[in-house]
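Student: Curious how this folds, go ahead:
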Amino acid sequence: MGEGQLKTLCPKKAPLVKEVFDRYLTGDYSITSLTEVMRDRGLTGYYGQPLVRRNVEQILRNPYYCGQLKCSRGVFQGVHKPLITVATFQAVQKIKAGRHVKKQTKHRYLFRNLISCGLCGRTLTGERQKAHIYYRCHGRDCPERSYREDILETAIRAAIARIRWTDDQIASFRRKLASRDLFADQDALGASLNLRAADIQTRQSRLTDLFVDGSISDAEYQMRKGQLKLDLARIDEERVELGELKKRQGSLDDLIVFVSSLPDLYAASMPSQKRRLLKHVFDTRRTLAGNCILTPADWFNDPVGTPPTPVSLPAAQDAQSAPATIATKK
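Tutor: Here you go, the predicted model:
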């Protein structure tokens with residue numbers, strides 16, 4: 001028999017399929033609402049048929065998109081190029097199982113659960129009144145006023161525009177970076193990854209023994225074996241990320257570009273990306289007496305003492321391209 005032909009991702013559908021994972025990962029969509037959005041975006045079902053809920057369900061639970069192949073005998077590492085990371089696939093499965101993020105299908109307000117009351121500490125609740133969205137504190141007897149969403153965003157944009165490092169700060173960061181042992185933390189992380197991999201391999205051996213002894217069924221064996229394979233694949237991804245971190249940690253240039261580009265990056269972002277930026281750029285976000293008070297995150301005050309780039313933020317090259325994105329919008 002000849003060798004099977006290597007499967008390749010459809011260049012037209014692949015970006016839309018990736019968008020299915022990206023949108024679901026925000027926690028803002030149910031399967032039903034995500035199906036409606038992706039149908040409008042142009043994603044189709046089998047043989048060009050209109051996208052239905054079942055199609056989206058099948059996409060989200062198919063490990064093929066993270067580089068794995070699923071068959072009757074379990075999950076195996078494929079040779080095709082993955083569309084998403086194993087970490088993304090596993091995070092989506094947690095959301096689907098209801099263990100990680102509560103899915104919301106209504107009232108996806110931009111600042112929901114992001115801003116707190118400066119008087120009592122409660123989270124402001126968004127609600128639509130006629131043509132505007134308002135956020136207000138529902139604490140009993142709390143005198144704090146309500147805030148219109150567009151006015152809050154204007155204040156947030158102004159705060160982001162003020163975020164910058166002076167030349168003296170950058171020089172200080174560089175001196176501190178030069179005096180540190182750059183690789184001490186990374187070596188510890190590498191050792192931790194090795195221990196995790198060894199633990200998974202031990203669990204794989206135990207699982208095989210249980211199967212051989214007849215203590216578990218074939219179905220349960222394949223399911224648990226597939227999950228352990230995904231865990232190992234995730235560790236491989238983390239090792240690659242760690243290697244890339246070592247390559248770039250000697251320079252603050254990417255982070256400096258990112259910080260200087262924050263206003264344009266925020267303006268060009270989708271609502272879910274804006275929310276992610278706000279969570280990582282500001283540690284606290286609160287209102288008080290008509291003001292929006294934002295406190296920069298620790299990594300901004302000490303980028304050398306904390307991880308060299310804020311977790312889950314867009315890469316510096318994305319920030320650099322943001323002004324062009326704005327300029328070309330019609």
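Student: out of everything not next to it in sequence, what's closest to Arg174?
Tutor: Spatial nearest neighbour of Arg174, chain neighbours left out: Leu252 (6.4 Å); criterion: Cβ to Cβ, 6 or more residues apart in numbering. Yep, even glycine has a C-beta here, placed from its N, CA and C like the rest.
Student: mind listing the strands for the stretch 151-300 of the chain?
Tutor: Using DSSP state E, counting those that start in this stretch, the strands of the stretch 151-300 of the chain run over 282-288, 291-296.
Student: need the ones you listed in a markdown table with mean pLDDT, can you?
Tutor: Below are the strands of the stretch 151-300 of the chain laid out as a markdown table (pLDDT from 0 to 100):
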| stretch | mean pLDDT |
| --- | --- |
| strand 282-288 | 90 |
| strand 291-296 | 89 |
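Student: before we move on, the earlier item: any idea of the pLDDT on the residue nearest to Arg174?
Tutor: Looking at Leu252, its pLDDT is 70.
Student: ok, now which ones touch it?
Tutor: Neighbour list for Leu252: Ile170, Phe173, Arg174, Leu177, Pro303, Val304, Pro308 [criterion: Cβ atoms under 8 Å, 6 or more residues apart in numbering].
Student: got any ranges where the stretch 201-330 of the chain has weak pLDDT?
Tutor: 243-251, 305-330 (pLDDT under 70).
Student: Tell me how many other residues crowd the closest residue to Gly290 other than its chain neighbours.
Tutor: Among residues not flanking Gly290 along the chain, Arg145 sits closest, at 6.5 Å (Cβ to Cβ, 6+ apart). Arg145 has 12 neighbours, counted by other Cβ atoms under 10 Å.
Student: Hmm, Arg145 is touching Tyr134, no?
Tutor: No: at 9.8 Å, Arg145 does not count as touching Tyr134 under the criterion of Cβ atoms under 8 Å.
Student: how much space is there between Cys117 and Ile293?
Tutor: 11 Å (Cβ to Cβ, to the nearest Å).
Student: So for the two, which residue has more residues nearby?
Tutor: Ranked by neighbour count (other Cβ under 10 Å), Cys117 and Ile293 place Cys117 first, with 20 against 16.
Student: got a list of what the spatially closest residue to Arg285 that is not a sequence neighbour touches?
Tutor: Nearest non-adjacent residue to Arg285, counting by Cβ to Cβ, 6+ apart: Ile115, 4.8 Å away. By Cβ under 8 Å, 6+ apart, the residues touching Ile115 are Thr123, Leu124, Tyr135, Leu152, Arg285, Arg286, Thr287, Cys292.
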